[in-house]
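In: Next one to model:
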Amino acid sequence: MPAQPLFVSSGDLVADRRYQWALDYLQRGDTAAAADILVQVVATAPGFATAWFALASIREATGDRDGAIAAFEAARDADREDYHGARLHLARLGHGEATPSMTGVYVRRLFDQHAPDFDEALVERLDYRGPQLLLEAVRAQAAEPLRLGSVLDLGCGTGLGGVAFRPFCDWLTGVDISPGMVEQARAKGLYDRLAVAELIGFLAGEAGAQNHLVLAADVFVYCSDIAPIATAVARVLAPSGLFAFTVETHDELGVRLQGTLRYAHGAGHVRAALEAAGFRILQLDAGSTRSEKGEPVPGLLAVARL
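Out: This next block holds a predicted model:
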């Protein structure tokens, strides 16, 4: 059964009701009837992005690639903030921009939706180990006993990075675009400061070079270009501070949007982004932070120093 988008009202009660009827048919396995109703819905409510997205998903699932592209385009045009991620699905289908950036609205919605069960899904089902790998990598570059001073956890999510690094730092700040994720992190009681913000905007507003470590565990899989983030991180790091992060990777050049709707960054892209920001790369090695379908997802583990 095609995935159902999160519902955003058309503002027309009749169109909304007919959309729900289409979903009822879809739940019963009658995709043809669902598609027919959705075609009628978007004819009367052409700005109804949720209905266009649902129609696109049905068309793709039934083998109508051209029809799916047309509907995804309509969903994109009806929703300039791309709440549903239609631009990403168009790229996945090889249409339009190859690696479009994710909008803040899309990422916030995605993680707010999953915040309540995020830890269970990531750690127990996907064998997630990003923070532990980062801690081991930082240990290898720092003096023992490990004492990190001020640590900034970018894209802190529910605070799994905080669990790993809290025992080794004096001050821990976390920032995430999702209020739902930050709420989960706050409940853990690990952070001295938490903020809900987009990464580049948050870093631009920070005062001076005050962090001894900036970490980002599986955050840049939702960022198409690491370069501007690396530049912004360099501004908030203390002299000789460390920048440690993970990415998913591939064997080609540059950045690729995967079928999972996460970005994979080639080693060359990561290296160029760090060097352009003034970093000296201490480690850039293969390291998988999660498994999917029983197989490790290819990744890179990076540690760099100013």
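In: make it CA atoms for all contacts and neighbour counts henceforth
Out: OK.
In: out of everything not next to it in sequence, what's closest to residue 262?
Out: Closest residue to residue 262 apart from its sequence neighbours, by CA to CA, 6 or more residues apart in numbering: residue 221 at 5.2 Å.
In: ugh, wrong one, residue 65
Out: Counting by CA to CA, 6+ apart, residue 59 is the residue found nearest to residue 65 once chain neighbours are left out, at 6.8 Å.
In: The one you found: neighbouring residues, count only.
Out: By other CA atoms under 10 Å, 22 other residues sit near residue 59.
In: Can you name every helix or strand that the host helix or strand of it contacts?
Out: Following DSSP states H and E, one finds residue 59 within helix 49-61. If you count contacts as 3 or more CA pairs under 8 Å, 6 or more residues apart in numbering; DSSP states H and E, helix 49-61 packs onto helix 31-44, helix 65-78.
In: now what about that helix, what contacts it?
Out: 1-10, 19, 31, 35, 38-39, 41-42, 65, 67-72, 74-76, 78-79, 84, 86 (CA atoms under 8 Å, 6 or more residues apart in numbering).
In: Same check on stretch 120-137?
Out: 160-161, 164-165, 215, 217-218, 244-246, 287-292, 301, 303.
In: again with stretch 138-155
Out: 161-162, 168-177, 199, 210-217, 219, 244, 282, 303.
In: circling back: could you measure the residue nearest to residue 262 against residue 99, distance?
Out: Computed as CA to CA, to the nearest Å, the residue 221 to residue 99 distance reads 12 Å.
In: Flag every buried residue along stretch 50-61.
Out: 50, 51, 52, 53, 54, 55, 56, 57, 58, 59, 60 (16 or more other CA atoms under 10 Å).
In: what is the mean pLDDT for that stretch?
Out: Averaged across stretch 50-61, the pLDDT comes to 96.
In: mind listing the strands for the stretch 101-250 of the chain?
Out: For the stretch 101-250 of the chain, strands defined by DSSP state E, counting those that start in this stretch occupy the ranges 150-154, 171-176, 193-196, 211-216, 237-248.
In: buried residues in the shortest one?
Out: Right, the one you point to is strand 193-196. 194, 196.
In: about what we covered before: could you dump the helices and strands packed on helix 49-61 into a markdown table and include mean neighbour count and distance to residue 24?
Out: Below are those laid out as a markdown table (neighbours: other CA atoms under 10 Å; distance: least, CA to CA, whole Å):
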| stretch | mean neighbour count | distance to residue 24 |
| --- | --- | --- |
| helix 31-44 | 18 | 8 |
| helix 65-78 | 21 | 20 |
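In: Take those helices and lay them out in a markdown table including distance to residue 155 and mean pLDDT.
Out: Below are those laid out as a markdown table (distance: least, CA to CA, whole Å; pLDDT from 0 to 100):
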| stretch | distance to residue 155 | mean pLDDT |
| --- | --- | --- |
| helix 31-44 | 37 | 96 |
| helix 65-78 | 26 | 97 |
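In: Make JSON lines from those and add distance to residue 107 to it.
Out: Formatted as JSON lines, the helices and strands packed on helix 49-61 follow (distance: least, CA to CA, whole Å):
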{"stretch": "helix 31-44", "distance to residue 107": "26"}
{"stretch": "helix 65-78", "distance to residue 107": "15"}
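In: quick one on the thing from earlier: so who does the residue nearest to residue 262 touch?
Out: Contact analysis of residue 221 by CA under 8 Å, 6+ apart lists 247, 248, 262, 263, 264, 265.
In: you'd agree the first one is up against residue 219?
Out: By that I understand residue 247. Yes: between residue 247 and residue 219 there is a contact under CA atoms under 8 Å: 7.5 Å.
In: How much space separates the residue nearest to residue 262 from residue 299?
Out: 10 Å.
In: shared neighbours of the two, which are they?
Out: By CA under 8 Å, 6+ apart, the residues touching both residue 221 and residue 299 are 247, 248.
In: Next up, the contacts around the residue nearest in space to the middle of the chain.
Out: What sits nearest the mean C-alpha location of the chain, by CA atoms, centre = their mean, is residue 222, with 3.2 Å. Contact analysis of residue 222 by CA under 8 Å, 6+ apart lists 102, 107, 262, 263.
In: can we see that at 7 Å?
Out: By CA atoms under 7 Å, 6 or more residues apart in numbering, residue 222 lies in contact with 102, 262, 263.
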